[in-house]
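S.K.: need coordinates for the below:
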Amino acid sequence: MKTRIDVTRDYDAELIPFNFPAYHNDEGYCYLRIQVKNGKLVFISGQLADYYNTSITNAAESIQGKAIQHLIDVGVIHVQSSFGLFSFLRSKEAKRVDRKRTLLEFFDQNSLWLQFYRAQDSLTNEDFMARTRFPVVERHELFTDCREEIEEYRTYGFDFEIDKTKLENWK
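M.R.: Next up, the predicted model:
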């Protein structure tokens, strides 16, 4: 089975509150901005003020999965699978795993995932942004120094400003 992923158009949306599956089958909420330009993608999730459920760091994979599904649902990402001669020998689960792996590899190579915490929600008492990587076979990794990646993506025309009042007035 071959899976092909196409970015169909540019896109810029702030989704607030963006809901995701949180711990204990609860519903989590965060700020999520998705920007797509010329096949490159930037995702910025932000911890909401006065929100005390699962943090964006602990729910990174859940947020990632819902964000990818959102892009598929709104037609920004098109996923197409083609089956080879012996595909019928593989189980549905094996095909699902292959498709998921291909999606994760695509997003790892073509996107920048950032987490934003306001000063009052941060351990450093400063506004804080960290890069998140999602290795295909491991749990996410958090990198606190992401200035280089941000500057690279700025050259593609991406905006990294966050209106903090939206995080505070989300209810």
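
S.K.: check which helix or strand covers the most centrally placed residue in the chain.
M.R.: Centroid-nearest residue in the chain: residue 64, 3.8 Å away (criterion: C-alpha atoms, centre = their mean). Assigned by DSSP states H and E, residue 64 falls within helix 60-73.

S.K.: and the helix or strand of the chain with the lowest mean pLDDT, which strands flank it?
M.R.: Counting by mean pLDDT, DSSP states H and E, the chain has its least confident helix or strand at strand 141-143, which shows a mean of 76. Strands that pair with strand 141-143, judged by DSSP bridges, come out as strand 128-133 (antiparallel).

S.K.: and the partner strand, what's buried?
M.R.: By neighbour count on 16 or more other C-beta atoms under 10 Å, the buried set for strand 128-133 is 128, 129, 130, 131, 132. Backbone N, C-alpha and C define where each C-beta goes, glycine included.

S.K.: next one: stretch 54-68
M.R.: Applying 16+ other C-beta under 10 Å to stretch 54-68 flags 54, 55, 56, 59, 60, 62, 63, 64, 65, 66, 67, 68 as buried.
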